[in-house]
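A.B. asks: sequence unknown, structure follows:
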Ligand code: 173
(Lines give C-alpha, C1' and ligand atoms only; values in the text may rest on other atoms or scores of the structure.)
Protein backbone atom coordinates (compact mmCIF):
# COMPACT_ATOMS: atom_id res chain seq x y z
CA UNK A 1 0.00 0.00 0.00
CA UNK A 2 1.27 3.45 -0.72
CA UNK A 3 1.50 5.91 2.14
CA UNK A 4 -0.44 8.37 -0.07
CA UNK A 5 -3.51 6.15 0.23
CA UNK A 6 -6.52 7.59 2.05
CA UNK A 7 -8.13 5.08 4.41
CA UNK A 8 -11.48 5.48 6.09
CA UNK A 9 -11.76 5.39 9.85
CA UNK A 10 -14.20 2.51 9.43
CA UNK A 11 -11.59 0.38 7.71
CA UNK A 12 -9.00 1.20 10.39
CA UNK A 13 -11.51 0.23 13.07
CA UNK A 14 -11.61 -3.37 11.84
CA UNK A 15 -7.94 -3.83 12.75
CA UNK A 16 -8.53 -3.68 16.45
CA UNK A 17 -6.77 -6.71 17.87
CA UNK A 18 -3.46 -8.44 18.45
CA UNK A 19 -3.67 -10.31 15.11
CA UNK A 20 -4.10 -7.12 13.14
CA UNK A 21 -3.51 -3.86 14.94
CA UNK A 22 -3.69 -0.50 13.20
CA UNK A 23 -3.56 2.83 14.94
CA UNK A 24 -3.83 6.46 13.86
CA UNK A 25 -1.27 9.02 14.98
CA UNK A 26 -1.24 12.59 13.66
CA UNK A 27 -3.60 11.64 10.82
CA UNK A 28 -1.49 8.71 9.56
CA UNK A 29 -2.48 5.06 9.74
CA UNK A 30 0.17 2.62 11.00
CA UNK A 31 0.19 -1.16 11.08
CA UNK A 32 1.79 -1.88 14.46
CA UNK A 33 0.90 -5.58 14.69
CA UNK A 34 4.52 -6.75 14.56
CA UNK A 35 5.67 -3.93 16.83
CA UNK A 36 3.31 -4.72 19.71
CA UNK A 37 5.79 -6.80 21.69
CA UNK A 38 8.67 -4.43 20.97
CA UNK A 39 6.91 -1.32 22.24
CA UNK A 40 9.00 -0.04 25.18
CA UNK A 41 5.78 0.89 26.99
CA UNK A 42 4.27 -2.58 26.42
CA UNK A 43 1.56 -3.83 24.09
CA UNK A 44 -1.41 -3.22 26.34
CA UNK A 45 -1.50 0.51 25.90
CA UNK A 46 -1.35 0.18 22.11
CA UNK A 47 -4.10 -2.41 22.10
CA UNK A 48 -6.29 0.02 24.02
CA UNK A 49 -6.16 2.22 20.93
CA UNK A 50 -6.22 -0.57 18.31
CA UNK A 51 -8.33 0.58 15.34
CA UNK A 52 -8.57 4.09 16.76
CA UNK A 53 -6.90 7.48 16.89
CA UNK A 54 -4.13 7.33 19.52
CA UNK A 55 -2.70 10.82 18.97
CA UNK A 56 -3.82 12.31 22.29
CA UNK A 57 -2.28 9.54 24.36
CA UNK A 58 0.81 9.32 22.15
CA UNK A 59 1.66 13.00 22.03
CA UNK A 60 2.95 13.83 25.53
CA UNK A 61 5.11 10.75 25.93
CA UNK A 62 6.71 10.43 22.50
CA UNK A 63 8.68 12.78 20.34
CA UNK A 64 6.77 13.19 17.05
CA UNK A 65 9.35 11.18 15.13
CA UNK A 66 9.27 8.18 17.50
CA UNK A 67 6.96 6.21 15.20
CA UNK A 68 8.89 6.87 12.02
CA UNK A 69 12.19 6.03 13.74
CA UNK A 70 10.92 2.70 15.07
CA UNK A 71 8.67 1.47 12.26
CA UNK A 72 9.69 0.49 8.74
CA UNK A 73 8.31 3.02 6.19
CA UNK A 74 5.95 0.44 4.69
CA UNK A 75 4.13 0.18 8.03
CA UNK A 76 2.66 3.61 7.35
CA UNK A 77 -0.36 2.58 5.35
CA UNK A 78 -1.66 5.99 4.39
CA UNK A 79 -3.67 8.90 5.76
CA UNK A 80 -6.96 8.59 7.52
CA UNK A 81 -9.93 10.17 5.81
CA UNK A 82 -10.55 13.37 7.79
CA UNK A 83 -13.14 13.17 10.58
CA UNK A 84 -13.77 9.46 10.19
CA UNK A 85 -11.38 8.08 12.80
CA UNK A 86 -12.73 6.38 15.88
CA UNK A 87 -11.64 8.22 18.96
CA UNK A 88 -11.72 6.99 22.49
CA UNK A 89 -14.49 8.99 24.06
CA UNK A 90 -12.88 11.05 26.78
CA UNK A 91 -15.49 11.81 29.38
CA UNK A 92 -14.69 14.97 31.27
CA UNK A 93 -14.79 13.71 34.83
CA UNK A 94 -15.95 15.81 37.77
CA UNK A 95 -12.38 15.97 38.98
CA UNK A 96 -11.27 17.27 35.61
CA UNK A 97 -14.04 19.88 35.63
CA UNK A 98 -12.86 21.03 39.04
CA UNK A 99 -9.31 21.21 37.77
CA UNK A 100 -10.36 23.35 34.80
CA UNK A 101 -12.11 25.69 37.20
CA UNK A 102 -8.88 26.01 39.16
CA UNK A 103 -6.98 26.71 35.93
CA UNK A 104 -9.34 29.61 35.26
CA UNK A 105 -8.60 30.96 38.74
CA UNK A 106 -4.80 31.03 38.40
CA UNK A 107 -3.34 34.21 39.87
CA UNK A 108 -1.92 36.64 37.33
CA UNK A 109 1.84 36.32 36.83
CA UNK A 110 2.34 39.66 38.54
CA UNK A 111 1.34 37.91 41.77
CA UNK A 112 3.90 35.15 41.29
CA UNK A 113 6.82 36.42 43.34
CA UNK A 114 9.20 33.49 43.50
CA UNK A 115 9.83 30.04 42.06
CA UNK A 116 8.01 28.35 44.95
CA UNK A 117 4.79 30.07 43.85
CA UNK A 118 4.94 28.25 40.51
CA UNK A 119 5.15 24.93 42.31
CA UNK A 120 2.18 25.74 44.54
CA UNK A 121 0.06 26.85 41.58
CA UNK A 122 1.15 23.97 39.34
CA UNK A 123 0.17 21.52 42.06
CA UNK A 124 -3.36 22.93 42.00
CA UNK A 125 -3.85 23.28 38.25
CA UNK A 126 -1.85 20.49 36.59
CA UNK A 127 -3.37 17.18 35.58
CA UNK A 128 -2.74 14.86 38.49
CA UNK A 129 -0.70 12.44 36.39
CA UNK A 130 1.66 15.14 35.23
CA UNK A 131 2.10 16.52 38.74
CA UNK A 132 2.82 13.02 40.02
CA UNK A 133 5.42 12.45 37.34
CA UNK A 134 7.23 15.79 37.67
CA UNK A 135 7.17 16.02 41.44
CA UNK A 136 7.97 12.42 42.26
CA UNK A 137 11.35 11.33 43.54
CA UNK A 138 12.99 8.13 44.72
CA UNK A 139 11.83 6.06 47.69
CA UNK A 140 11.14 8.27 50.72
CA UNK A 141 12.17 11.41 48.79
CA UNK A 142 14.78 12.24 51.42
CA UNK A 143 17.42 13.21 48.86
CA UNK A 144 14.83 15.22 46.96
CA UNK A 145 14.23 17.39 50.01
CA UNK A 146 17.86 17.38 51.10
CA UNK A 147 18.80 18.91 47.72
CA UNK A 148 16.92 22.02 48.74
CA UNK A 149 17.66 22.06 52.46
CA UNK A 150 21.41 21.66 51.88
CA UNK A 151 21.36 25.29 50.72
CA UNK A 152 20.01 26.27 54.14
CA UNK A 153 23.23 25.07 55.75
CA UNK A 154 25.34 27.56 53.83
CA UNK A 155 25.31 31.13 55.12
CA UNK A 156 26.68 34.31 53.63
CA UNK A 157 29.57 36.39 54.89
CA UNK A 158 28.58 39.59 53.08
CA UNK A 159 30.99 42.42 52.37
CA UNK A 160 29.90 46.00 52.97
CA UNK A 161 30.89 49.46 51.72
CA UNK A 162 31.54 48.30 48.16
CA UNK A 163 30.27 50.50 45.33
CA UNK A 164 27.54 48.28 43.93
CA UNK A 165 25.87 50.90 41.77
CA UNK A 166 26.64 48.69 38.80
CA UNK A 167 26.26 44.95 39.09
CA UNK A 168 26.51 42.37 36.30
CA UNK A 169 25.61 38.71 36.84
CA UNK A 170 26.27 37.49 33.31
CA UNK A 171 28.97 34.85 32.85
CA UNK A 172 30.13 32.05 30.56
CA UNK A 173 29.28 28.37 30.51
CA UNK A 174 31.69 26.20 28.48
CA UNK A 175 32.83 29.46 26.90
CA UNK A 176 29.32 30.58 25.90
CA UNK A 177 27.75 33.76 27.15
CA UNK A 178 24.77 33.50 29.51
CA UNK A 179 22.86 36.26 31.27
CA UNK A 180 22.99 34.34 34.58
CA UNK A 181 25.03 31.42 35.96
CA UNK A 182 22.11 29.05 35.42
CA UNK A 183 20.87 26.82 32.61
CA UNK A 184 17.53 25.13 32.02
CA UNK A 185 18.39 21.53 32.67
CA UNK A 186 16.98 18.50 30.87
CA UNK A 187 13.63 17.17 32.07
CA UNK A 188 11.61 14.54 30.21
CA UNK A 189 8.05 14.63 28.89
CA UNK A 190 7.41 18.36 28.67
CA UNK A 191 4.03 17.91 26.99
CA UNK A 192 2.59 16.26 30.07
CA UNK A 193 2.58 19.74 31.57
CA UNK A 194 1.89 21.95 28.55
CA UNK A 195 0.95 21.23 24.93
CA UNK A 196 3.92 23.18 23.55
CA UNK A 197 6.32 20.99 25.51
CA UNK A 198 9.98 21.94 25.65
CA UNK A 199 9.49 24.62 22.98
CA UNK A 200 8.45 26.83 25.91
CA UNK A 201 11.97 26.48 27.30
CA UNK A 202 13.69 27.06 23.96
CA UNK A 203 11.79 30.26 23.32
CA UNK A 204 12.02 31.60 26.86
CA UNK A 205 15.75 30.79 26.96
CA UNK A 206 16.26 32.75 23.73
CA UNK A 207 14.56 35.84 25.16
CA UNK A 208 16.68 35.72 28.31
CA UNK A 209 19.99 34.61 26.83
CA UNK A 210 20.00 31.38 28.80
CA UNK A 211 21.24 27.97 27.69
CA UNK A 212 18.77 25.11 27.37
CA UNK A 213 19.83 21.50 27.81
CA UNK A 214 17.68 19.42 25.48
CA UNK A 215 16.60 16.09 27.02
CA UNK A 216 16.90 12.75 25.22
CA UNK A 217 13.31 12.06 26.24
CA UNK A 218 11.76 15.37 25.25
CA UNK A 219 8.14 15.35 24.09
CA UNK A 220 9.18 17.53 21.15
CA UNK A 221 11.61 16.12 18.64
CA UNK A 222 15.24 17.14 18.89
CA UNK A 223 15.11 18.85 15.50
CA UNK A 224 11.98 20.78 16.42
CA UNK A 225 13.80 22.21 19.43
CA UNK A 226 16.92 23.07 17.46
CA UNK A 227 14.86 24.59 14.64
CA UNK A 228 13.05 26.80 17.16
CA UNK A 229 16.29 28.30 18.47
CA UNK A 230 17.27 31.83 17.45
CA UNK A 231 20.44 32.28 15.40
CA UNK A 232 23.40 31.94 17.75
CA UNK A 233 21.29 30.53 20.60
CA UNK A 234 23.30 27.93 22.53
CA UNK A 235 21.81 24.53 23.32
CA UNK A 236 23.30 21.47 25.01
CA UNK A 237 22.12 17.89 24.76
CA UNK A 238 21.50 15.49 27.63
CA UNK A 239 22.20 11.94 26.52
CA UNK A 240 20.82 8.64 27.74
CA UNK A 241 23.14 6.03 26.31
CA UNK A 242 21.28 3.38 24.34
CA UNK A 243 22.20 -0.29 24.61
CA UNK A 244 22.44 -0.11 20.84
CA UNK A 245 25.49 2.10 20.42
CA UNK A 246 24.70 2.68 16.74
CA UNK A 247 21.59 4.56 17.84
CA UNK A 248 23.66 6.61 20.30
CA UNK A 249 26.29 7.35 17.67
CA UNK A 250 23.60 8.57 15.29
CA UNK A 251 22.05 10.83 17.94
CA UNK A 252 25.40 12.27 18.99
CA UNK A 253 26.69 12.95 15.51
CA UNK A 254 23.39 14.42 14.42
CA UNK A 255 23.49 16.73 17.45
CA UNK A 256 27.00 17.85 16.60
CA UNK A 257 26.02 18.61 13.00
CA UNK A 258 23.06 20.63 14.30
CA UNK A 259 25.38 22.80 16.36
CA UNK A 260 24.88 21.45 19.88
CA UNK A 261 27.63 22.89 22.08
CA UNK A 262 27.99 20.28 24.81
CA UNK A 263 27.07 16.65 25.42
CA UNK A 264 25.92 15.86 28.96
CA UNK A 265 26.06 12.09 29.37
CA UNK A 266 23.74 10.92 32.15
CA UNK A 267 25.59 8.50 34.41
CA UNK A 268 23.30 8.21 37.42
CA UNK A 269 20.49 6.17 35.91
CA UNK A 270 21.50 2.60 34.94
CA UNK A 271 18.02 1.82 36.20
CA UNK A 272 15.35 4.34 37.02
CA UNK A 273 14.61 4.91 40.70
CA UNK A 274 11.26 3.98 42.24
CA UNK A 275 9.12 7.08 42.14
CA UNK A 276 6.14 6.00 44.15
CA UNK A 277 3.96 9.07 43.60
CA UNK A 278 4.22 8.34 39.91
CA UNK A 279 3.70 4.60 40.39
CA UNK A 280 0.47 5.22 42.29
CA UNK A 281 -0.97 6.87 39.22
CA UNK A 282 -0.95 3.50 37.37
CA UNK A 283 0.10 5.56 34.44
CA UNK A 284 -1.90 4.46 31.43
CA UNK A 285 -4.85 2.98 33.23
CA UNK A 286 -7.36 5.81 33.51
CA UNK A 287 -10.09 3.23 33.38
CA UNK A 288 -10.33 1.58 36.81
CA UNK A 289 -11.46 -1.72 35.27
CA UNK A 290 -8.10 -1.92 33.57
CA UNK A 291 -6.20 -1.73 36.79
CA UNK A 292 -7.97 -4.88 37.94
CA UNK A 293 -6.91 -6.66 34.77
CA UNK A 294 -3.32 -5.66 35.22
CA UNK A 295 -2.24 -9.31 35.30
CA UNK A 296 -2.89 -9.65 31.58
CA UNK A 297 0.05 -10.64 29.46
CA UNK A 298 2.09 -7.54 28.92
CA UNK A 299 5.81 -7.67 29.41
CA UNK A 300 5.94 -4.18 30.93
CA UNK A 301 4.65 -3.66 34.44
CA UNK A 302 3.11 -0.25 34.13
CA UNK A 303 2.49 -0.02 37.82
CA UNK A 304 6.10 1.19 37.74
CA UNK A 305 5.06 4.60 36.43
CA UNK A 306 5.55 6.67 33.31
CA UNK A 307 9.29 6.97 33.33
CA UNK A 308 10.16 3.32 33.78
CA UNK A 309 7.80 2.36 30.97
CA UNK A 310 9.78 4.34 28.43
CA UNK A 311 13.30 3.93 29.73
CA UNK A 312 14.06 0.33 28.84
CA UNK A 313 16.53 1.39 26.15
CA UNK A 314 18.98 2.91 28.65
CA UNK A 315 22.15 0.82 28.92
CA UNK A 316 22.96 -0.32 32.47
CA UNK A 317 26.31 -1.51 31.08
CA UNK A 318 27.69 1.99 30.52
CA UNK A 319 31.17 2.20 32.08
CA UNK A 320 34.37 4.23 32.23
CA UNK A 321 35.94 2.27 29.39
CA UNK A 322 33.22 3.64 27.07
CA UNK A 323 34.60 7.18 27.36
CA UNK A 324 37.27 6.85 24.62
CA UNK A 325 34.53 5.76 22.22
CA UNK A 326 32.58 8.97 22.91
CA UNK A 327 35.73 10.98 22.29
CA UNK A 328 36.18 9.18 18.98
CA UNK A 329 32.67 9.81 17.70
CA UNK A 330 32.37 13.51 18.60
CA UNK A 331 34.34 16.69 19.10
CA UNK A 332 31.64 18.23 21.33
CA UNK A 333 32.74 18.92 24.91
CA UNK A 334 31.82 15.89 27.04
CA UNK A 335 30.39 16.34 30.51
CA UNK A 336 29.25 13.58 32.88
CA UNK A 337 25.89 14.37 34.46
CA UNK A 338 25.20 12.68 37.78
CA UNK A 339 28.62 12.50 39.50
CA UNK A 340 28.16 11.91 43.23
CA UNK A 341 31.65 11.65 44.77
CA UNK A 342 35.01 13.34 44.35
CA UNK A 343 36.80 10.19 43.20
CA UNK A 344 34.60 10.05 40.09
CA UNK A 345 35.04 13.75 39.36
CA UNK A 346 38.82 13.24 39.40
CA UNK A 347 38.46 10.25 37.09
CA UNK A 348 36.43 12.36 34.65
CA UNK A 349 39.13 15.02 34.77
CA UNK A 350 41.92 12.49 34.25
CA UNK A 351 40.08 11.08 31.22
CA UNK A 352 40.12 14.51 29.63
CA UNK A 353 36.42 15.31 29.94
CA UNK A 354 35.30 18.94 30.00
CA UNK A 355 33.39 18.85 33.24
CA UNK A 356 30.91 17.16 35.53
CA UNK A 357 27.43 17.89 36.82
CA UNK A 358 27.31 17.08 40.52
CA UNK A 359 23.79 15.82 40.60
CA UNK A 360 21.55 13.09 41.96
CA UNK A 361 18.94 13.53 39.22
CA UNK A 362 16.68 15.73 41.28
CA UNK A 363 16.49 13.07 43.99
CA UNK A 364 14.82 10.72 41.52
CA UNK A 365 17.46 7.99 41.57
CA UNK A 366 19.33 6.82 44.69
CA UNK A 367 17.65 8.00 47.85
CA UNK A 368 20.30 9.15 50.35
CA UNK A 369 22.63 10.22 47.57
CA UNK A 370 24.18 13.48 48.82
CA UNK A 371 23.17 16.87 47.47
CA UNK A 372 25.23 18.21 44.57
CA UNK A 373 26.16 21.18 46.76
CA UNK A 374 27.79 18.96 49.37
CA UNK A 375 29.65 16.98 46.70
CA UNK A 376 30.84 20.25 45.17
CA UNK A 377 32.77 21.12 48.32
CA UNK A 378 34.66 17.82 48.38
CA UNK A 379 35.31 17.86 44.64
CA UNK A 380 36.76 21.38 44.72
CA UNK A 381 38.94 20.44 47.68
CA UNK A 382 40.28 17.22 46.14
CA UNK A 383 40.83 18.62 42.64
CA UNK A 384 42.83 21.38 44.32
CA UNK A 385 44.83 19.06 46.55
CA UNK A 386 45.42 16.21 44.16
CA UNK A 387 45.43 17.90 40.74
CA UNK A 388 46.38 21.48 41.60
CA UNK A 389 43.21 22.93 40.03
CA UNK A 390 41.59 26.15 41.14
CA UNK A 391 37.85 26.77 40.73
CA UNK A 392 36.04 28.14 38.86
CA UNK A 393 38.09 26.80 35.99
CA UNK A 394 37.78 27.27 32.23
CA UNK A 395 39.25 23.86 31.44
CA UNK A 396 37.27 21.67 33.78
CA UNK A 397 33.87 22.98 34.78
CA UNK A 398 31.75 22.02 37.73
CA UNK A 399 27.98 22.24 37.61
CA UNK A 400 25.42 21.47 40.28
CA UNK A 401 21.71 20.83 40.02
CA UNK A 402 18.85 19.93 42.33
CA UNK A 403 16.87 21.95 44.84
CA UNK A 404 17.66 25.42 43.51
CA UNK A 405 14.82 27.91 44.04
CA UNK A 406 16.56 31.25 44.58
CA UNK A 407 19.41 33.31 43.16
CA UNK A 408 20.95 33.08 46.64
CA UNK A 409 21.15 29.30 46.14
CA UNK A 410 22.99 29.85 42.86
CA UNK A 411 25.33 32.42 44.43
CA UNK A 412 26.20 29.92 47.18
CA UNK A 413 27.09 27.26 44.60
CA UNK A 414 29.16 29.75 42.62
CA UNK A 415 31.00 30.83 45.78
CA UNK A 416 31.82 27.18 46.45
CA UNK A 417 33.34 26.79 42.96
CA UNK A 418 30.51 25.98 40.52
CA UNK A 419 30.49 27.55 37.06
CA UNK A 420 26.72 27.41 36.90
CA UNK A 421 23.69 25.64 38.26
CA UNK A 422 21.00 23.62 36.48
CA UNK A 423 17.34 24.31 37.24
CA UNK A 424 14.70 21.79 36.20
CA UNK A 425 11.44 21.35 38.10
CA UNK A 426 10.73 25.06 38.75
CA UNK A 427 10.63 25.69 35.00
CA UNK A 428 8.45 22.62 34.46
CA UNK A 429 6.00 24.01 36.99
CA UNK A 430 6.14 27.48 35.43
CA UNK A 431 5.43 26.12 31.97
CA UNK A 432 2.72 23.76 33.19
CA UNK A 433 0.82 26.59 34.83
CA UNK A 434 1.55 29.46 32.41
CA UNK A 435 3.40 28.19 29.30
CA UNK A 436 6.31 30.14 27.83
CA UNK A 437 5.25 33.31 29.62
CA UNK A 438 5.56 31.51 32.93
CA UNK A 439 9.09 30.34 32.14
CA UNK A 440 10.05 33.89 31.15
CA UNK A 441 8.55 35.24 34.34
CA UNK A 442 10.55 32.67 36.32
CA UNK A 443 13.74 33.78 34.57
CA UNK A 444 12.92 37.42 35.26
CA UNK A 445 12.40 36.66 38.94
CA UNK A 446 15.88 35.15 39.05
CA UNK A 447 17.35 38.15 37.21
CA UNK A 448 15.82 40.48 39.80
CA UNK A 449 17.01 38.32 42.67
CA UNK A 450 20.55 38.30 41.24
CA UNK A 451 20.71 42.06 41.05
CA UNK A 452 19.57 42.56 44.61
CA UNK A 453 21.61 39.77 46.15
CA UNK A 454 24.86 40.67 44.40
CA UNK A 455 24.49 44.15 45.85
CA UNK A 456 23.69 42.81 49.30
CA UNK A 457 26.68 40.47 49.48
CA UNK A 458 28.99 43.14 48.03
CA UNK A 459 29.95 41.62 44.67
CA UNK A 460 29.87 43.56 41.38
CA UNK A 461 30.22 40.58 39.09
CA UNK A 462 30.12 36.79 39.20
CA UNK A 463 33.94 36.78 39.34
CA UNK A 464 33.76 38.78 42.58
CA UNK A 465 31.80 36.04 44.34
CA UNK A 466 34.60 34.43 46.31
CA UNK A 467 34.87 31.42 48.59
CA UNK A 468 35.21 33.62 51.68
CA UNK A 469 31.73 35.03 51.09
CA UNK A 470 30.08 31.88 52.39
CA UNK A 471 30.35 29.79 55.50
CA UNK A 472 29.74 26.19 54.50
CA UNK A 473 31.08 24.67 57.70
CA UNK A 474 27.66 23.24 58.58
CA UNK A 475 27.02 21.74 55.13
CA UNK A 476 28.21 18.25 55.96
CA UNK A 477 26.24 18.14 59.17
CA UNK A 478 23.06 16.28 58.42
CA UNK A 479 21.94 16.66 61.99
CA UNK A 480 20.87 20.24 61.41
CA UNK A 481 18.04 19.75 58.95
CA UNK A 482 17.56 16.20 57.89
CA UNK A 483 14.17 16.23 56.17
CA UNK A 484 11.41 14.40 58.01
CA UNK A 485 10.25 11.00 56.83
CA UNK A 486 6.77 12.01 55.70
CA UNK A 487 5.29 8.57 55.14
CA UNK A 488 6.44 7.37 58.55
CA UNK A 489 5.37 10.60 60.19
CA UNK A 490 1.87 10.51 58.80
CA UNK A 491 1.34 6.99 60.18
CA UNK A 492 2.71 7.82 63.59
CA UNK A 493 0.09 8.81 66.12
CA UNK A 494 1.21 11.65 68.34
CA UNK A 495 1.26 11.04 72.09
CA UNK A 496 -0.94 13.22 74.25
CA UNK A 497 -0.10 15.39 77.23
CA UNK A 498 -1.90 14.96 80.52
CA UNK A 499 -5.42 16.34 80.20
CA UNK A 500 -7.60 18.42 82.50
CA UNK A 501 -10.11 16.30 84.36
CA UNK A 502 -13.82 16.47 83.46
CA UNK A 503 -15.79 18.05 86.30
O1 LIG B 1 13.99 11.47 35.86
C2 LIG B 1 13.36 10.99 34.93
O3 LIG B 1 12.14 10.83 35.03
C4 LIG B 1 14.07 10.58 33.75
O5 LIG B 1 15.18 10.94 33.63
C6 LIG B 1 13.45 9.71 32.76
C7 LIG B 1 14.15 8.63 32.30
C8 LIG B 1 13.57 7.78 31.39
C9 LIG B 1 12.31 8.01 30.93
C10 LIG B 1 11.61 9.12 31.36
C11 LIG B 1 12.19 9.97 32.27
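C.D. replies: That came through fine. The structure presented is a predicted model; accordingly, all values stated were derived computationally and were not measured.
A.B. asks: Disregarding residues adjacent in the polypeptide, which is nearest to the closest residue to the ligand within the stretch 151-300 of the chain?
C.D. replies: In the stretch 151-300 of the chain, the residue that lies nearest the ligand is residue 188 (3.6 Å; C-beta to the nearest ligand atom). Every C-beta, even on glycine, is put in place using the N, C-alpha and C of the backbone. The spatially closest residue to residue 188, leaving aside those adjacent along the chain, is residue 217, at 3.8 Å (C-beta to C-beta, 6 or more residues apart in numbering).
A.B. asks: what's around the one you found, how many residues?
C.D. replies: The local packing count at residue 217 equals 19, with neighbours defined by other C-beta atoms under 10 Å.
A.B. asks: From residue 87, how far out is it?
C.D. replies: Counting by C-beta to C-beta, to the nearest Å, the gap from residue 217 to residue 87 is 26 Å.
A.B. asks: Ok, residue 422 next?
C.D. replies: Distance check for residue 422 against residue 87: by C-beta to C-beta, it reads 39 Å.
A.B. asks: neighbour-wise, which of those two wins?
C.D. replies: Remark: of residue 422 and residue 87, residue 422 carries more neighbours, 26 against 13, as counted by other C-beta under 10 Å.
A.B. asks: Assign the more buried one to helix, strand or coil.
C.D. replies: In terms of secondary structure, residue 422 is strand; the call rests on DSSP: H, G, I helix; E, B strand; the rest coil.
A.B. asks: what about residue 147, neighbour count?
C.D. replies: As a measure of burial, residue 147 has 28 neighbours, counting by other C-beta under 10 Å.
A.B. asks: cool, and the one 5 residues further on?
C.D. replies: When neighbours are defined as other C-beta under 10 Å, residue 152 has 14 of them.
A.B. asks: At the contact with the ligand, which residues of the stretch 101-250 of the chain appear?
C.D. replies: 188, 217 (C-beta under 6 Å from any ligand atom).
A.B. asks: which residues touch the nearest residue to residue 353 once chain neighbours are set aside?
C.D. replies: The shortest distance from residue 353 to any residue other than its chain neighbours is 4.9 Å, reached at residue 334 (C-beta to C-beta, 6+ apart). Residue 334 sits next to 263, 265, 323, 326, 327, 353, 354 when contact means C-beta atoms under 8 Å, 6 or more residues apart in numbering.
A.B. asks: Which residue is it, in the stretch 401-503 of the chain, that comes closest to the ligand?
C.D. replies: residue 424 (9.0 Å).
A.B. asks: so who does that residue touch?
C.D. replies: With contacts defined as C-beta under 8 Å, 6+ apart, the neighbours of residue 424 are 184, 185, 186, 187, 362, 401.
A.B. asks: Let's see that with 7 Å instead.
C.D. replies: Counting by C-beta atoms under 7 Å, 6 or more residues apart in numbering, residue 424 makes contact with 185, 187, 362, 401.
A.B. asks: and the two most separated of the residues you listed?
C.D. replies: Considering C-beta to C-beta, no two members of the contacts of residue 424 lie farther apart than 187 and 401, which are separated by 10.4 Å.
A.B. asks: Looking at these two, which one has more neighbours?
C.D. replies: When residue 187 and residue 401 are compared for neighbours, residue 401 comes out ahead with 30 against 24, by other C-beta under 10 Å.
A.B. asks: How much space separates the more buried one from residue 382?
C.D. replies: Summarising the geometry, the distance separating residue 401 from residue 382, computed by C-beta to C-beta, is 20 Å.
A.B. asks: Residue 128 versus the residue lying closest to residue 276 once chain neighbours are set aside, what's the distance?
C.D. replies: On the basis of C-beta to C-beta, 6+ apart, the spatially nearest residue to residue 276 that is not a chain neighbour turns out to be residue 136, at 7.0 Å. Counting by C-beta to C-beta, the gap between residue 136 and residue 128 amounts to 12 Å.
A.B. asks: what does residue 381 give?
C.D. replies: Counting by C-beta to C-beta, the gap from residue 381 to residue 128 is 44 Å.
A.B. asks: tell me the average confidence for stretch 41-52?
C.D. replies: Per-residue confidence for stretch 41-52 averages out to 86 on the pLDDT scale.
A.B. asks: Tell me how far it lies from the chain's centre.
C.D. replies: Distance, stretch centre to chain centre, for stretch 41-52: 26 Å (C-alpha atoms, centre = their mean, to the nearest Å).
A.B. asks: So for the longest helix seen in the chain, mean pLDDT?
C.D. replies: In the chain, taking DSSP state H as the definition, the longest helix is helix 425-457. For helix 425-457, the mean pLDDT works out to 98.
A.B. asks: Packing partners of it?
C.D. replies: For helix 425-457, the packing partners by 3 or more C-beta pairs under 7 Å, 6 or more residues apart in numbering; DSSP states H and E come out as helix 115-125, helix 128-135, helix 199-208, helix 407-415.
A.B. asks: can I get the ones you listed in TSV with mean neighbour count and mean pLDDT?
C.D. replies: Compiled in TSV, those are given as follows (neighbours: other C-beta atoms under 10 Å; pLDDT from 0 to 100):
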stretch	mean neighbour count	mean pLDDT
helix 115-125	20	95
helix 128-135	21	92
helix 199-208	23	98
helix 407-415	25	98
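A.B. asks: Just the buried positions in the longest helix of the chain, please.
C.D. replies: Residues of helix 425-457 classed as buried under the neighbour-count rule (16 or more other C-beta atoms under 10 Å) are 425-436, 438-443, 445-446, 449-450, 453-455, 457.
A.B. asks: Pairing partners for the next helix or strand after it, with directions?
C.D. replies: Where DSSP states H and E defines the elements, the next helix or strand beyond helix 425-457 is strand 470-471. Next to strand 470-471 in the sheet, as set by DSSP bridges, lie strand 155-156 (antiparallel).
A.B. asks: and after the strand it pairs with, which helix or strand comes next?
C.D. replies: Next along the chain after strand 155-156, taking DSSP H and E as the criterion, comes strand 171-173.
A.B. asks: Just give the strands next to that following strand in its sheet, each with its orientation.
C.D. replies: Here strand 171-173 has these sheet partners by DSSP bridges: strand 176-178 (antiparallel).
A.B. asks: Please name every helix or strand in contact with the helix or strand just after the partner strand.
C.D. replies: The first helix or strand that comes after strand 176-178 along the chain, using DSSP H and E, is strand 182-184. Strand 182-184 sits against strand 211-214, strand 420-423, with contacts defined as 3+ C-beta pairs under 7 Å, 6+ apart.
A.B. asks: ok, residue 400 - how many residues close by?
C.D. replies: Residue 400 sits with 31 neighbouring residues when counted by other C-beta under 10 Å.
A.B. asks: Next, the contact list for the residue nearest the centre of the chain, please.
C.D. replies: Most central in the chain under C-alpha atoms, centre = their mean is residue 187, positioned 1.6 Å from the mean C-alpha point. For residue 187, the residues meeting the contact criterion (C-beta under 7 Å, 6+ apart) are 215, 424, 428.
A.B. asks: Adding distance to residue 255, write those residues out as CSV.
C.D. replies: Written out in CSV, the entries for the contacts of residue 187 read as follows (distance: C-beta to C-beta, whole Å):
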residue, distance to residue 255
215, 12
424, 20
428, 22
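A.B. asks: out of those, who's nearest residue 414?
C.D. replies: The shortest gap between residue 414 and any of the contacts of residue 187 belongs to residue 424, at 18.2 Å (C-beta to C-beta).
A.B. asks: what ranges do the strands span in the stretch 301-450 of the chain?
C.D. replies: According to DSSP state E, counting those that start in this stretch, the stretch 301-450 of the chain carries its strands in the segments 334-339, 355-358, 397-401, 420-423.
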